[in-house]
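Colleague: What would the 3D arrangement of this be:
(one chain, ligands or ions: 1)
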Amino acid sequence: MRELTELPILRKEFIIDPLQIYESFFIGADLVLLIAAILDNEQLESFLTLCRELKLEVIVEVHNLDELERVLKTEAEIIGINNRDLNDFSVDLKTTTELTKELKRLGQRDNHYLIAESGIKTREDIDFLKEIGVDGVLIGETLMKAESPAAKVKELGLP
Ligand SMILES: O=C(O)c1ccccc1NCC(=O)[C@H](O)[C@H](O)COP(=O)(O)O
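Modeller: Now for the predicted structure:
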């Protein structure tokens with residue numbers, strides 16, 4: 001992958017063991033995803049520490065207020081709001097709207113980089129997410145299904 005792009009490479013995985021973090025480092029990932037829903041506080045803290053030691057950036061993924069509040073007690077700087085409920089796979093962009101509001105209410109918006117994840121399909125979705133103040137997006141299906149992912153990136157108005 002590294003020969004193909006200079007862009008940061010994310011290891012997007014269900015990380016539940018520190019070995020996966022070492023593995024991500026050795027295969028050349030720049031950042032990893034830690035999913036708050038599948039990690040307890042102790043794991044979250046220790047995985048973040050390990051990533052810092054290995055100089056891996058981290059997106060910590062949340063889906064509800066409880067997870068957001070847990071993550072705000074850590075050193076995490078990049079927060080991913082997953083619009084997909086991993087229990088039933090339903091997707092709703094309102095999740096990003098609501099948790100972005102909560103982040104502001106808690107006075108924690110400005111010291112975090114905010115990524116909206118999942119269910120993003122159109123230019124209108126991107127415009128809406130920009131309007132509510134997210135900094136970045138994580139898109140899977142829309143790009144994977146596109147005839148030309150590069151053209152789709154342009155169509156979505158992404159840099
Ligand atoms: O990644 C998995 O293994 C997985 C397992 C079960 C449900 C969802 C899973 N992944 C979803 C994704 O990685 C999505 O592609 C990503 O969240 C982006 O969402 P979308 O743009 O809606 O594809």
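
Colleague: what's the span of stretch 12-24, first residue to last?
Modeller: Length of stretch 12-24, first residue to last, CA to CA, to the nearest Å: 10 Å.

Colleague: Can you name the residues of this protein sitting close to the ligand?
Modeller: Residues of the chain lying close to the ligand (CB under 6 Å from any ligand atom) are K12, R84, F89, E117, S118, G119, I120, L138, I139, G140, E141, T142. Where C-beta positions appear, they are placed from N, C-alpha and C, glycine not excepted.

Colleague: Taking this protein, what residue is nearest to the ligand?
Modeller: G140 (2.3 Å; CB to the nearest ligand atom).

Colleague: Tell me which residue lies nearest the centroid of this protein.
Modeller: Nearest to the mean C-alpha position of the chain, by CA atoms, centre = their mean, lies G80 at 3.2 Å.

Colleague: Quick one: name whatever helix or strand follows the host helix or strand of that residue.
Modeller: Applying DSSP states H and E as the criterion places G80 in strand 78-82. Sequence order places helix 94-105 as the next helix or strand after strand 78-82, per DSSP H and E.

Colleague: what's the next secondary structure element after that next one?
Modeller: According to DSSP H and E, the helix or strand after helix 94-105 is strand 113-117.

Colleague: Quick one: mean pLDDT over that next one.
Modeller: For strand 113-117, the mean pLDDT works out to 98.

Colleague: contact partners of that strand?
Modeller: Residues from elsewhere that reach strand 113-117 (CB atoms under 8 Å, 6 or more residues apart in numbering): 59, 61, 77-84, 93, 96, 100, 103, 129, 133-138.

Colleague: Give the buried subset of those residues as a ChimeraX selection command.
Modeller: One line in ChimeraX is enough to select the buried ones among the contacts of strand 113-117; burial here means 16 or more other CB atoms under 10 Å:
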select :59,61,78,79,80,81,82,83,84,93,96,100,103,129,134,137,138
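
Colleague: Give me the angle between the strand holding G80 and helix 94-105.
Modeller: Strand 78-82 runs at 140 degrees relative to helix 94-105, counting by axes from the mean of the first three to the mean of the last three CA atoms, to 10 degrees.

Colleague: Put the alpha carbons of strand 78-82 into CSV.
Modeller: Below are the C-alpha coordinates for strand 78-82, written out as CSV (Å, rounded to 0.1, in the frame of the first residue of the first chain):
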residue,chain,number,x,y,z
ILE,A,78,-9.3,11.9,17.1
ILE,A,79,-12.8,10.8,17.7
GLY,A,80,-14.8,8.9,15.1
ILE,A,81,-18.5,9.0,15.4
ASN,A,82,-19.9,5.8,13.8
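
Colleague: Please consider this matter closed, and thank you.
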